[in-house]
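1. Structural data only, the sequence is not supplied:
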């Protein structure tokens, strides 16, 4: 199965990194950067949405292996456990957790005092559309538990087939209403469509979105009042984002 391509938005941002100015970015743009460029608490400091991409691709690979001919019941069940871990249960950000964080930071961006009307409009739709993937993830959780409890290879394989379809749809989306367009009906969107929405949001920013320097990405702190500021020293009890 075809993997989800690396985000063109991330490639574009990375390509312009050298040309970034030292002027402090807007708070809204820093939160967008957490979603697509880098975060302090993820593997290799990936952006939350970028990490969600990696988890979705990993889930497809494992699900595909579960449908390899001549596997034992135990092997299929082990693969289903692994798929569900990647999608729902990993402690270092599962697909569901990474996607929720991405949506949270886009919402933080929209709630910032310096957010543009463009970000405010895009954020509300993005937060809603993320639920298409999260719904499939809840089904993967249920089906994987049923597969693990299955007593026959046939039953487990049937469930593994459904899980593979869900994992694939998480990446590509699915044309549930058979309109020829993915994403024009509820629960159709996958990460491909969500990525397109982020690309459009960034491309529509005025003034333009620029790569957020990593110092700003990792030194934004939230005060007890709820306000966001950039950390100016290593002292203090505020949490960096």
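-> Cool, got the structure. Everything numeric here is computed off the predicted structure, so don't read it as measured data. Residues are numbered from 1 along each chain as shown.
2. For residue 125, give its distance to residue 106.
-> 10 Å (C-beta to C-beta, to the nearest Å). All C-beta atoms are positioned from the backbone trio N, CA, C, and that covers glycine.
3. repeat for residue 93
-> 16 Å.
4. Which one of these two is surrounded by more residues?
-> Taking neighbours as other C-beta atoms under 10 Å, residue 93 and residue 106 compare with residue 106 leading, 29 against 21.
5. what about residue 67, neighbour count?
-> Every residue meeting other C-beta under 10 Å relative to residue 67 is counted, giving 14.
6. my guess is it meets residue 161, correct?
-> Yes: between residue 67 and residue 161 there is a contact at 6.5 Å, judged by C-beta atoms under 8 Å.
7. which residues touch residue 229?
-> 220-221, 223 (C-beta atoms under 8 Å, 6 or more residues apart in numbering).
8. What's the PyMOL line that selects buried ones from the residues you listed?
-> In PyMOL syntax, the buried subset of the contacts of residue 229 is picked out as below (16 or more other C-beta atoms under 10 Å):
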select buried, resi 220+221
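9. which residues does residue 85 contact?
-> residue 94.
10. I misspoke; the intended subject was residue 167.
-> 56, 59-60, 63, 83, 87, 140.
11. Identify, from those residues, the entry nearest to residue 148.
-> Residue 148 lies nearest to residue 83 out of those, by C-beta to C-beta, at 10.7 Å.
12. Look at that closest one and report its pLDDT.
-> Looking at residue 83, its pLDDT is 98.
13. Distance check, the residue nearest to it when sequence neighbours are not counted against residue 167.
-> Residue nearest to residue 83 in three dimensions, not counting chain neighbours: residue 62, with 4.8 Å by C-beta to C-beta, 6 or more residues apart in numbering. The gap separating residue 62 from residue 167 is 8 Å, by C-beta to C-beta.
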